[in-house]
Each structure stands twice: as C-alpha cells, then as structure tokens.
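# have a look at this prediction, sequence included:
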Amino acid sequence: MPTVTFTDAQGGQRTVEAAAGDSVMETAVRNGVPGIVAECGGSLSCATCHVFVAEDDLETLPPMEEMEDEMLYGTSEDRRDNSRLSCQLKLAEGADLHVTTPETQV
C-alpha cells in the first residue's frame, strides 16, 4: 500500500496510507490533510493542490505534462524546481512519497 508523508509549512508531519492509483490530492482530501485546498477537485484548473516534492522522490514520478507546467505559474506561493500539482501525482503500489505543502494555496 502506498504512503504519503505530508509536511506542512511549519514542519509538522503526517503520514497517511493511500490506495494505489489515487492521486496525492485525493489522498490528502480523503484524510483531512490541511494545506491542500483542491478547489477544482482534480480537474487541473485551479493550482490549489500545489506541493513541493522531496528531491529524492522526484525521479520516481512521471514527468510533468504541459498543462500542469502552465498551471504551476498560477500558484499562490512561488513555484520551485520541485513544485508539482498533487492532483497529477498518481500513487503506485508500494510508493512512499514525501511532499511539503506551501504556506498558502489561495
């Protein structure tokens, strides 16, 4: 079963189990993880599920597609090299992903 460790902007951590095939955003919303607003519900139209992926985990993820890349320019907190939209990060069986939520999404 995949797990996601969410670190908030103040350094607090919470690890949750996820279902393979679900997105990091779906996992956060289902488990009441603060810091993921997900206004559009995962339709790639709001950028309120912005996360910073741990550098060691970036290579395990599929490359970013053009639409996600464009949406990341509309985030409330400045984009970084490790920025991704959590609605676009599907979890594979056995995955162990670490992400940090920005201080604000809106």
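Received the coordinates, thanks. Predicted, not measured: the structure shown is a model, and the values here were computed from it.
# residues making contact with stretch 4-23?
1-3, 24, 27-28, 30-31, 33-36, 42, 86-93, 95-103 (C-beta atoms under 8 Å, 6 or more residues apart in numbering). The C-beta positions use only the backbone N, C-alpha and C, and glycine is treated the same way.
# I meant to write stretch 69-86 there.
23-25, 28, 36, 38, 44-55, 58, 61, 64, 68, 99, 102-106.
# so which of those are in helices?
Judged by DSSP state H, the contacts of stretch 69-86 include 24-25, 28, 55, 58, 68 as members of helices.
# who does residue 90 form a beta bridge with?
Residue 90 has these beta-bridge partners by DSSP bridges: residue 23.
# show me the contacts for it.
21-23.
# same list, those, but as TSV with neighbour count and distance to residue 72 please.
Shown next, in TSV, are these (neighbours: other C-beta atoms under 10 Å; distance: C-beta to C-beta, whole Å):
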residue	neighbour count	distance to residue 72
21	11	23
22	15	21
23	20	16
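# now render these as a markdown table, adding distance to residue 10 and pLDDT.
A markdown table is the format used below for the contacts of residue 90 (distance: C-beta to C-beta, whole Å; pLDDT from 0 to 100):
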| residue | distance to residue 10 | pLDDT |
| --- | --- | --- |
| 21 | 31 | 97 |
| 22 | 26 | 97 |
| 23 | 24 | 97 |
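# could I get those residues as TSV with distance to residue 73?
Formatted as TSV, the contacts of residue 90 follow (distance: C-beta to C-beta, whole Å):
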residue	distance to residue 73
21	28
22	26
23	21
